[in-house]
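# just need the structure, nothing else, for what follows:
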Amino acid sequence: MKFIYINGRFLTQNTTGVQRVAEEVVKELDRLIEEKNITQYKFCILTPKNSIKSLELKNIDIKKIGKLQGHAWEQLEFPLFTKKHLLINFCNTAPMYKKNQIVYIHDTAILDAPDGFSNIFIKVYSKIFNTVSKRSKHIITVSEFSQHQLIHHFPVLKDKISYSHLGIEHVKALSISENEEILKKLNLKKHSYFLAVSSANPNKNFKIISDMLEKSSSFEEDFILVGGTASKVFGEGTELSQKIHQLGYVTDDELIALYSNAKAFIFPSKYEGFGLPPVEAMSQGCPVIASNCASIPEVLENKAIYFNNEDYNSLYASLNKINETNIDRQALLSFVDNKYSWKKTTKHLYDIILEI
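I've put the predicted structure just below:
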């Protein structure tokens, strides 16, 4: 039996994009072990002692090790425990000088769109990416676009990189009564608003929404934003349209209800390695208006309405198109269900393990 260790640093972090991938793939891997009766490998998650969450797993152990935290734990203590065994890293970082490992690098935003990151963050992650690209056995990324960009920046990866799209099963549909209860709580009506999930990163480009509304107030619908505060999302001193309502951070069920009942989901990002939020929206039958750049057209194909993310007039036209078009919401749901699956994502990882 061969031991395979999993970098459990993600269990010390709040769940955002890359942590979501780690959690869902590990849970699916746990099911795969039982389904396929995998006995030639023993999987174990190693995590720092300051972990803030756990996972309910039947076939994968979780062990807390070491005394350090963060990058220090990952680079100094963690490799000593894994020794020469295969290691899987899900969240862009990994022990830089370990060779027998698989590393997920989700995108190269720090190199392609650096405005959203501090100089020290760029230096640290550039060093990690460069070193693990040279030394690791295999790199997995999340889209053909990201694979192309990684090879562009790190040509050594040409023969040891692959990509696998992400899954969507973590977004569970709510009942009619649950939807109605949440809408009532939030004082919203079905299809009476456009939705966006906000972020302080300038690459997410939410200012284009306020710029558009500053020039036009012809929409009957409100614009609901969940996530970060106005000053972080739009910039200090930005005067927001009365049409924009910020809900702050919401629960998972509230977000699902917001997806399900929105007239459309707006995704104005300037850069994405994959872009999970619009796929989550489509999984609830919500039409998507998205910028036409990076991985977004690859992921959403012809199921979204696209706009130029540098031109608020283009966004305005796309919003009007939604109002003038009868969108087949069931077709969106079917598209996502057929294309995106954590089972497929996990099978890709397991196939790589077998090759190594």
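
# from now on I want contacts and neighbour counts done on CA atoms only, so please keep to that.
Noted.

# could you measure residue 275 against residue 18, distance?
Separation of residue 275 from residue 18 (CA to CA, to the nearest Å): 11 Å.

# which one of those two is surrounded by more residues?
residue 275 (20 against 15; other CA atoms under 10 Å).

# distance of the more buried one relative to residue 269?
Relative to residue 269, residue 275 is positioned 9 Å away (CA to CA).

# same check, this time on residue 185
With CA to CA as the criterion, residue 185 and residue 269 are 29 Å apart.

# tell me the helices and strands packed up against whichever helix in the chain runs longest.
Criterion DSSP state H: the longest helix present in the chain is helix 17-35. Under the contact definition 3 or more CA pairs under 8 Å, 6 or more residues apart in numbering; DSSP states H and E, helix 17-35 sits against helix 342-355.

# hmm, 10 Å instead?
strand 2-7, strand 41-47, strand 101-104, helix 276-283, helix 342-355 (3 or more CA pairs under 10 Å, 6 or more residues apart in numbering; DSSP states H and E).

# that older thread, what's the overlap in contacts for residue 275 and residue 269?
Residues touching both residue 275 and residue 269 by CA atoms under 10 Å, 6 or more residues apart in numbering: 294, 296.

# any buried residues in stretch 22-35, and which?
22, 23, 24, 25, 26, 27, 28, 29, 30, 31, 32, 33 (16 or more other CA atoms under 10 Å).

# how close does the closest residue to the last one other than its chain neighbours sit to residue 17?
Right, residue 33. Leaving out its chain neighbours, the residue that sits closest to residue 33 by CA to CA, 6 or more residues apart in numbering is residue 59, at 6.9 Å. Distance of residue 59 to residue 17, computed by CA to CA: 25 Å.

# comparing the two, which residue is more hemmed in?
The neighbour comparison of residue 59 against residue 17 (other CA under 10 Å) goes to residue 59, with 17 against 14.

# isn't that one right up against residue 36?
No. Applying CA atoms under 10 Å as the test, residue 59 and residue 36 come out as separate, 11.9 Å apart.

# pretty sure residue 208 sits against residue 196.
No. Counting by CA under 10 Å, residue 208 stays clear of residue 196, with 11.8 Å between them.

# neighbour count: those two, which is higher?
Using other CA under 10 Å, the more surrounded residue of residue 208 and residue 196 is residue 196, with 27 against 19.

# can I take it that that one is in a strand?
Yes. Assessed by DSSP: H, G, I helix; E, B strand; the rest coil, residue 196 belongs to a strand.

# contacts only, for residue 277.
17, 168, 196, 197, 259, 265, 266, 267, 283, 288.

# which among those gets closest to residue 129?
The shortest approach to residue 129 among those belongs to residue 17, at 18.2 Å (CA to CA).

# ranges for the strands of the protein?
2-7, 41-47, 61-64, 86-89, 101-104, 138-141, 161-163, 193-197, 222-226, 244-248, 264-267, 288-291, 305-307 (DSSP state E).

# point out the most buried one among those strands.
strand 264-267 (a mean of 28; mean count of other CA atoms under 10 Å).

# other SSEs contacting it?
If you count contacts as 3+ CA pairs under 10 Å, 6+ apart, strand 264-267 packs onto strand 193-197, strand 222-226, helix 252-261, helix 276-283, strand 288-291, strand 305-307, helix 312-324.

# stretch 115-124: how far from the chain's middle?
Centre-to-centre, stretch 115-124 and its host chain are 19 Å apart (CA atoms, centre = their mean, to the nearest Å).

# can I get it in CSV, CA atoms only?
Taking Å, rounded to 0.1, in the frame of the first residue of the first chain, the C-alpha atoms of stretch 115-124 are listed here in CSV:
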residue,chain,number,x,y,z
ASP,A,115,-3.2,45.3,-10.4
GLY,A,116,-5.3,43.3,-7.9
PHE,A,117,-2.4,42.1,-5.8
SER,A,118,0.3,43.6,-3.5
ASN,A,119,3.9,43.6,-4.6
ILE,A,120,4.9,41.2,-1.9
PHE,A,121,2.1,38.8,-2.8
ILE,A,122,3.2,38.8,-6.4
LYS,A,123,6.8,38.1,-5.4
VAL,A,124,6.0,35.3,-3.1
